[in-house]
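*Asks:* Below: sequence and its predicted model.
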Amino acid sequence: MAPQLAVSVLDYLSPAAKAASLPLLFPLLLILLLLPYLASASRSSSKKLPPSPPGALPLIGHAHLVAALPHSSFRRLATQHPGCGDFMTIRLGAVPTMVASSSRAAQALLRTHELAFSSRVHTACVDVLTYGPADVAFEPYGERWRQSRKLVATHLLSATKVRAYRAARLEEVELVVGQVRSAAAAGVGVDVSELTRKFTNDMVCQAVAGRAIRVEGRDRVFRDLINQTLAILSGFNLENFYPGIARVAGSVLMWPLRRKTLRLRDRWDDFLDRFIDLRMSEVGNNGVVASADQDQDQDDRDLLHVLLSVQQEYGLTRDRIKGLMANMVAAATDSTFGVLEMAMAELMLHPDVMAKLQAEVRKSVPHGQNFVTEDDLVGMPYLKAVVKETLRIHPPTPLLPRVSHEDCVVDGYTIPAGMPVIVNAWALGRDPTLWDAAEEFIPERFIDTGDTTCPDFRGMNFQYLPFGSGRRMCPGIGFATAHIEIMLANLMFHFDWELPSSVDTIDMTEVFKLTVSLKEKLILNPKLRGDIIA
Ligand code: HEM
């Protein structure tokens, strides 16, 4: 979904192939490019689509107007052009895409016509990397998606399961605090981005595949696979912009990307198969894992164990098990870590907010206790407000990608089946008509004062959708917030934080790879509180 939109189609060829084939390729490409463009333009002209901002060029449409941060470009186009504020049609290559930028538009799509927009676009690359798709995130809406979603919601992400991991979470937090403490003692900086990313990745991997994931650096392999998967999914893909050409000349033009994707999928296979085989040999019993009813200690079971135990009952193929495992780790890691990174960056930019948060955390922990536990979090409304404000101003998944699976009339516009639809959740969180001082970081807006109602992020407030809304909304809210809150609280409890002497301020430049994170690593100097028991 996250396109390097301005990339030329020719970038797909190797330098040698490019040189040899340019004279022949160019006219051919031009014809091929024009055909689907004209065909789709004439098809869509018979429907009344939302207005388009001016400036579309033949062949590439609005792609040149969409920069590296598409959420920001979409908002600029929506606010600058009259009539585009709610819905607009952006043409990316040959593909018309509807973008919804207001709370009213989000509500129309995600509540009034929710069912019609409850699928996602998937391409051949997505299918290869998601085993079908056989995961939760890309699987089209239907019976199989419902079954997969129920499996992960019950056996990985339910409140009971999230609670069951609280001891493991605290153990991981202690490891991180130990590392930061060593850095503080040595007077050196720590890479907060790396620490929080590793913390999230380790916890997610453990919940999905058990503690053995950490043996011999397997968690690092998992992370590398995810990084490469996100790079492919967020990079330029001819199929996303010129599906007609991809169909006609796909085998030639898409070969380099396809080869890269297949190689990556082989690495996923190698990794996940070994893991599944190992688990089956460990449980013995001819590889038959105890069923949910037979298993005494159900809360502690990781997702792989559960999937193997219900494999026969649900008719799960091995590929589907692999798709679900990979999907959970990929969906959970960067989004959750992104909030921790951005929260720490905003706190550094707002020392008054950091001081207020530290005061709340430090006073809520009983005297003599040397870590914040999850029981202590109950008395920390400001911590929760800081997390919510971070999610408002920096939602890690800024765009909600959907596709219409039937023709649908929305607000007088006819959206044809198969049209990609994007809700710009980032724009909603920064809409000045919905939020006072919308661009400012003010956690107080999320403190419930009794006379105002604070927006909640559970998908019913259409001005604030960091986790999406409707049946495709994020199932990992409880899992994510549990990790973010306990880690942030402990970072505030144990340490004071300073910028390295070589730096004046935090560089908030973002990069977008389906999720958003800081472009530069967040390096900070921790100072250990004098009064804390080591
Ligand atoms: C702060 C952290 C997170 C944020 C901000 C976030 C945000 C989102 C958003 C915006 C969506 C798309 C929703 C829509 O289309 O309406 C989504 C989907 C999803 N998220 Fe999260 N997420 C986070 C953490 C997690 C975690 C921890 C997990 C799992 C352990 C997870 C699993 C998923 C899955 C499986 C989907 C696809 C759901 C579907 O299509 O049915 N997410 N997330």
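*Replies:* Cool, the structure landed. Numbers count the residues shown, from 1 in each chain.
*Asks:* CA only for contacts and neighbour counts going forward, please
*Replies:* OK.
*Asks:* Pretty sure D191 sits against I523.
*Replies:* Yes. Counting by CA atoms under 8 Å, D191 does reach I523; the two are 4.5 Å apart.
*Asks:* Looking at these two, which is more packed in?
*Replies:* Using other CA atoms under 10 Å, the more surrounded residue of D191 and I523 is I523, with 19 against 13.
*Asks:* and the more buried one, what is it in contact with?
*Replies:* G189, V190, D191, V192, S193, L499, P500 (CA atoms under 8 Å, 6 or more residues apart in numbering).
*Asks:* repeat for E439
*Replies:* E439 touches I393, R430, counting by CA under 8 Å, 6+ apart.
*Asks:* Return the backbone torsion pair for C408.
*Replies:* phi -150, psi 130 (degrees, to the nearest 10).
*Asks:* my bad, should have said V306
*Replies:* phi -60, psi -40.
*Asks:* What is the burial count for it?
*Replies:* For V306, using other CA under 10 Å, the count is 21.
*Asks:* quick one: it and V152 touch, right?
*Replies:* No. Judged on CA under 8 Å, V306 makes no contact with V152 at a distance of 9.4 Å.
*Asks:* Would you confirm that L514 contacts T397?
*Replies:* Yes. Applying CA under 8 Å, one finds L514 in contact with T397, separated by 6.6 Å.
*Asks:* quick one, which of those two is more surrounded?
*Replies:* Taking other CA under 10 Å, L514 and T397 do not tie; T397 has more neighbours (27 against 23).
*Asks:* What sits closest to the more buried one if chain neighbours are left out?
*Replies:* Counting by CA to CA, 6 or more residues apart in numbering, the nearest residue to T397 once its immediate chain neighbours are dropped is T515, at 4.8 Å.
*Asks:* in the sheet, who's paired with that neighbour?
*Replies:* K513 (DSSP bridges).
*Asks:* quick one: L110 from E498, how far?
*Replies:* Remark: distance between L110 and E498 (CA to CA, to the nearest Å) = 42 Å.
*Asks:* The two - which one has more neighbours?
*Replies:* Comparing L110 with E498 by other CA under 10 Å, the one with more neighbours is L110, at 24 against 14.
*Asks:* so the more buried one sits right up against R472, yeah?
*Replies:* No. L110 is beyond contact range of R472, at 9.4 Å (criterion: CA under 8 Å).
*Asks:* anything in contact with each of these two?
*Replies:* With CA under 8 Å, 6+ apart, L110 and R472 have no common neighbours.
*Asks:* Just the helices from the stretch 351-500 of the chain, written as ranges.
*Replies:* Applying DSSP state H, counting those that start in this stretch to the stretch 351-500 of the chain gives helices spanning 351-364, 381-393, 425-429, 477-494.
*Asks:* Of those, which is nearest M344?
*Replies:* M344 sits nearest to helix 477-494 of all the helices of the stretch 351-500 of the chain, at 8.0 Å, using CA to CA.
*Asks:* so for the closest one, what's the average pLDDT?
*Replies:* Mean pLDDT, helix 477-494: 97.
*Asks:* Return the alpha-carbon coordinates of that helix using PDB.
*Replies:* The C-alpha trace of helix 477-494 is given here as PDB (Å, rounded to 0.1, in the frame of the first residue of the first chain):
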ATOM      1  CA  ILE A 477      -5.600  -3.100  20.900                       C
ATOM      2  CA  GLY A 478      -5.300  -4.800  24.300                       C
ATOM      3  CA  PHE A 479      -2.100  -6.500  23.400                       C
ATOM      4  CA  ALA A 480      -0.500  -3.300  22.100                       C
ATOM      5  CA  THR A 481      -1.600  -1.000  24.900                       C
ATOM      6  CA  ALA A 482      -0.400  -3.500  27.600                       C
ATOM      7  CA  HIS A 483       3.100  -3.400  26.100                       C
ATOM      8  CA  ILE A 484       3.300   0.300  25.500                       C
ATOM      9  CA  GLU A 485       2.000   1.300  28.900                       C
ATOM     10  CA  ILE A 486       4.300  -1.000  31.000                       C
ATOM     11  CA  MET A 487       7.400  -0.100  29.000                       C
ATOM     12  CA  LEU A 488       6.800   3.600  29.000                       C
ATOM     13  CA  ALA A 489       5.900   3.700  32.700                       C
ATOM     14  CA  ASN A 490       9.200   1.900  33.500                       C
ATOM     15  CA  LEU A 491      11.300   4.200  31.300                       C
ATOM     16  CA  MET A 492       9.700   7.200  33.200                       C
ATOM     17  CA  PHE A 493      10.100   5.500  36.600                       C
ATOM     18  CA  HIS A 494      13.800   4.700  36.400                       C
END
